[in-house]
Structure formats: C-alpha cells, structure tokens
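Build me a model:
(chains A and B)
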Amino acid sequence: MRIATWNVNSVRARRDHMHAWLAAEQPDVVCLQETKVVDADFPHDAVAAAGYRAVVSGQKSYNGVAVLARGDLDLADPVTDLPGFDDPQRRYLAVTVGGLRVVNVYVPNGSAVGSDKYAYKLAWLAHLADHLAAALADHPRLLLTGDFNIAPADRDVHDPEAWRDQVLCSAPERAAFHALEALGLVDLFRALHPDDPGFSWWDYRLQAFRRDRGLRIDLVLVSAALLAHGRACRIDRTPRTWDKPSDHAPVVASFDLDG
DNA sequence: ATGGTCGTTGGACGA
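Okay, the predicted model is just below:
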C-alpha cells in the first residue's frame, strides 16, 4: 500500500501534472491540498482517466482537500469537518480506505507570527489534536498526512537562522506539532531518514527550487500500529521540475500491511 | 533591496 500527499496549488491549474503523475506513480491513495475549487467543478474526469476516484471537500478560490483512491478501493465514512470546530474553510477530510483511517489536512498557513491568521492556525491545530486523541482510540491504524505548514525542526529548514521564529518555524507552531507526536503519531519520513532534509516545498520566488532553499512541511504521521508496517517514505521532486509546477512536491509513503 | 512568483480573479489577497 502506497499513500501520497501533494499540495497541488489548484487542482485545475495542475490537472495535467496530476494526471501524468498518477499514471506514472500509481499510488493507492493520494491526499490533495489546495484544490481551490468547489465540489461541482472538481475534475473527476481527469482523476477517472488515471484510474482513480475522489472524495472532495472544496471551496471557491482557497483551500480545499480531496482524497483519491485507485478504482478498486472503497472510500468509506468520509468526514469533512473537525468535530466541534465550526469553520467554513475546507481543510480537513478523513476517510477509511484499505483498512486505514486516512486523515488529510491542509493546516492554516498562519501568514505571520502574531497575526489573526496565526492565532487561527494554533486554534485549528489544538482542535485537531483534541479530535485525534479520540480518533486514534477508534482507529488503531491511523495515518495523518497533508500540508502541515510547520517545519518540525531546524533540520527541516534550508536556513534555520533566517527562519528563526518566523511563521512555519516558530516555537508555538512546533509545540503544536509536538502535541500531535505526543498522541503517539510518528513522522514517518524523519523516522526513516534522520539526516535527510527531505524538503517538500520551495518558494516560487528567487529560484528557491534551483538553489534547493526548501522546507519540509508536507508530512506523513502514522500511529504505532501502522509504523510497524512502514517501509519507505520519499519526496518525489520530479513534478516540481516540470513546467508551471506546484510549489510543493508529492511525498509517498509505502507500507507492507501483510508483513 | 522589506523585494521576488504563482493562482484566482478581474483588484488585491493568500501563500
């Protein structure tokens, strides 16, 4: 079982990239973020042409998440909202697929430390942690993935000094991330690759990708029951090299669920 | 140098 996460930065602008990458990589499940499209306009035809079906939770212009699965996999029990957190922004989509509870998140960016959006980000993360404590009790095999908009530690940052206390790297954001780890969730890429920066996002500006000035903010967290089956996790930079790319690269996690 | 580049829009705003 291979599960991917990819912030596509508009599923319509990235329609051809998405189709090409699905056809080449053929993961079993793909969690998308920043689809930026209402559900009625989601490109289900492009997804189907690659052999996938999609469950979506979108909105106009901003945010939006979707979970794709290969056509032979059932997408069951979708939930589109964080329980107890009334929020019109479409950032959360949980679904059961292949015996796993897959929770796809587009964590708020936070804009700048101290801003209203930053406060919303921390509140959103606190509600996520509260919810996951209960979800983990119901679903021992749980996978939490998406664009976390947090670089968990300095080793996830190309220039830690330049990013010190900036949004995506500030101590309160990292504390919110550690609260997720305290629930028993493990950052799979970091567990398997202690010394690889594993950048997954590069700013469009100043040729950041060419200079590899990136951050690792697209993550796959797994419960203990799932960690035992984790075999690989890699960042696929290939689509980031294509013309008119998303600013994020896909991350692919592999599991041996029979082992 | 307080910039820069995208996507969605149809002028800024968000990232």
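
show me where the stretch 151-259 of chain A has strands.
With strands called from DSSP state E, counting those that start in this stretch, the stretch 151-259 of chain A shows them at A:186-187, A:201-202, A:214-215, A:218-222, A:230-235, A:251-255.

so A:Ala48 sits in a helix?
Yes: remark: A:Ala48 belongs to a helix, assigned using DSSP: H, G, I helix; E, B strand; the rest coil.

The closest residue to it other than its chain neighbours: neighbouring residues, count only.
Once flanking residues are discounted, A:Ala48 sits nearest to A:Gly71: 7.9 Å by CB to CB, 6 or more residues apart in numbering. From N, CA and C alone the C-beta is placed, and that goes for glycine too. Neighbourhood size, A:Gly71 [other CB atoms under 10 Å]: 11.

thought A:Gly71 was touching A:Arg53?
Yes: with contact defined as CB atoms under 8 Å, A:Gly71 and A:Arg53 form a contacting pair (5.9 Å).

quick one: the helices in chain A?
Taking DSSP state H to define them, one finds helices in chain A at A:15-25, A:44-49, A:116-138, A:160-163, A:171-181, A:188-192, A:224-227.

Out of the ones you listed, which gets nearest to DNA strand B?
Closest approach to DNA strand B among those is made by helix A:116-138 (5.3 Å; CB to the nearest atom of the strand).

what comes up buried for that closest one?
Neighbour counts over helix A:116-138 (16 or more other CB atoms under 10 Å) mark A:118, A:120-122, A:124-125, A:127-132, A:135-136 as buried.

same question, stretch A:80-89
A:80-82.

export those to JSON lines and tack on pLDDT and distance to DNA strand B?
As requested, the buried residues of stretch A:80-89 are exported to JSON lines (pLDDT from 0 to 100; distance: CB to the nearest atom of the strand, whole Å):
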{"residue": "A:Thr80", "pLDDT": "98", "distance to DNA strand B": "18"}
{"residue": "A:Asp81", "pLDDT": "98", "distance to DNA strand B": "18"}
{"residue": "A:Leu82", "pLDDT": "96", "distance to DNA strand B": "16"}
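
and those, which of them are in strands?
Among the buried residues of stretch A:80-89, DSSP state E puts none in strands.

Would you check how far apart A:Asp87 and A:Asp130 are?
Separation of A:Asp87 from A:Asp130 (CB to CB, to the nearest Å): 14 Å.

Output the helices of chain A in CSV, with mean pLDDT and distance to A:Asp243 appended to each entry.
As requested, these are exported to CSV (pLDDT from 0 to 100; distance: least, CB to CB, whole Å):
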stretch, mean pLDDT, distance to A:Asp243
helix A:15-25, 98, 9
helix A:44-49, 98, 17
helix A:116-138, 98, 31
helix A:160-163, 98, 28
helix A:171-181, 98, 33
helix A:188-192, 98, 27
helix A:224-227, 98, 36
